[in-house]
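**Student:** here is the input, now give the coordinates:
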Amino acid sequence: MKIVFIFALVSPHTLGGVLALSTWLPLLNTFPKALVASDKKVNLPILQCHGNKDLIIQINRARLCEENFKAMGFKQYIFKEYDGMDHTNCEQVIFLHGLGDVGTSWHEIFNMYRIAKSVPYVKFIFPTAPIQKVTLNMGMAMTSWFDIFGLDPYTKEDQEGIEKSSIFLKYLVEEEIREGILPERIIIGGFSMGGAIALHAALTSPHTLAGVIALSTWLPLSTTFPEALVSGDNKVNLPILQCHGDQDPLVQLRWARLTEQGIKAMGFKHYTFKEYHDMGHSSCGREMKDVSSFIIQHLPKID
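**Tutor:** Residues are numbered from 1 along each chain as shown. Now for the predicted structure:
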């Protein structure tokens, strides 16, 4: 949200308005010199809202913004303080799509099953993978988190690509932590190859997160575990929900069951495997209901 402030003030345009929730103006000491088109910019409508119980971005920091906007002469600046409100949306779910898909597809699925509405205090992030050639699909270029050489648990794996995407997901987690979100308030997950990255990232992260949602997927580079496990003593308390259809023709159920065996052998105490009758390589209402329950359980609203 702080990026919105910067963009609005340094843009050559005077926009229709700015909504700034639970945030602050970064690079404060560069203003008013950094202000672009200042004569007209003072007519920019700004609504800044903040809770007086915010422990992450405290109200005093927000009030500094108020003082500076008024000092810069903004004529339509409004500050709203909300009694008893903390840092809203301080819980996160980061979910990765499967091969050839985009993040917005899963955003629509989560909305269709009303998952976001069941946890309005949670922010959902759905990244989109880069476009790259995929060996399995005759070298065609498509969105993919890593290359795939075959549909067998013993096929050669793209270790470099898997680790690269795993690092990317861990970077997203670190970005949220830098914003003040506790790691135990962050769930990561994904479908198919996205779920594979989520599992790998969670097990190799220095943090023990709130949980992992692994749909129609497997643990990649499984032979590197348990040696690759980071913070093993505490990591076994990581909640993991793995869901799979018994009619999946791509990532077959037996492959998922091998992941189940491996994770249980590593001593994970809060691992759950859900099998869905007649479900293929897709999702279903029963599965998404379980996903919603998992999020509610492991990201409860903090009063």
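
**Student:** so where's the protein uncertain?
**Tutor:** For the chain, the stretches flagged by pLDDT under 70 are 1-10, 36-39, 87-90, 232-233, 303.

**Student:** swap the cut-off to 90 and go again
**Tutor:** 1-59, 61-62, 64-77, 80-91, 116-117, 119-123, 150-155, 175-182, 226-235, 301-303 (pLDDT under 90).

**Student:** would you map the strands across it?
**Tutor:** Counting by DSSP state E, the chain has strands at residues 18-21, 46-51, 77-82, 91-96, 122-125, 131-134, 140-143, 186-191, 211-215, 240-245, 271-276.

**Student:** out of the ones you listed, nearest to residue 300?
**Tutor:** Taking CB to CB, strand 91-96 is the member of those nearest to residue 300, at 8.9 Å. To be clear about C-beta, it is placed using only N, CA and C from the backbone, and glycine gets the same treatment.

**Student:** now the angle from the closest one to strand 186-191?
**Tutor:** Comparing the axes of strand 91-96 and strand 186-191 via axes from the mean of the first three to the mean of the last three CA atoms, to 10 degrees yields an angle of 20 degrees.

**Student:** ok, and the closest non-adjacent residue to residue 236?
**Tutor:** residue 267 (4.8 Å; CB to CB, 6 or more residues apart in numbering).

**Student:** partner residues bridging residue 49?
**Tutor:** Counting by DSSP bridges, residue 49 is bridged to residue 21, residue 80.

**Student:** report the contact partners of it.
**Tutor:** Listed by CB atoms under 8 Å, 6 or more residues apart in numbering, the contact partners of residue 49 are 19, 20, 21, 22, 79, 80, 82.

**Student:** equivalent analysis for residue 70, please.
**Tutor:** residue 77 are the contacts of residue 70 under CB under 8 Å, 6+ apart.

**Student:** against residue 201, how distant is it?
**Tutor:** According to CB to CB, to the nearest Å, residue 70 stands 44 Å off from residue 201.

**Student:** still on that earlier bit, and residue 259, which of the strands of the chain is closest to it?
**Tutor:** strand 240-245 (6.7 Å).

**Student:** now do the closest one and strand 186-191, the angle between them.
**Tutor:** Using the same axes, to 10 degrees: strand 240-245 against strand 186-191 is 20 degrees.
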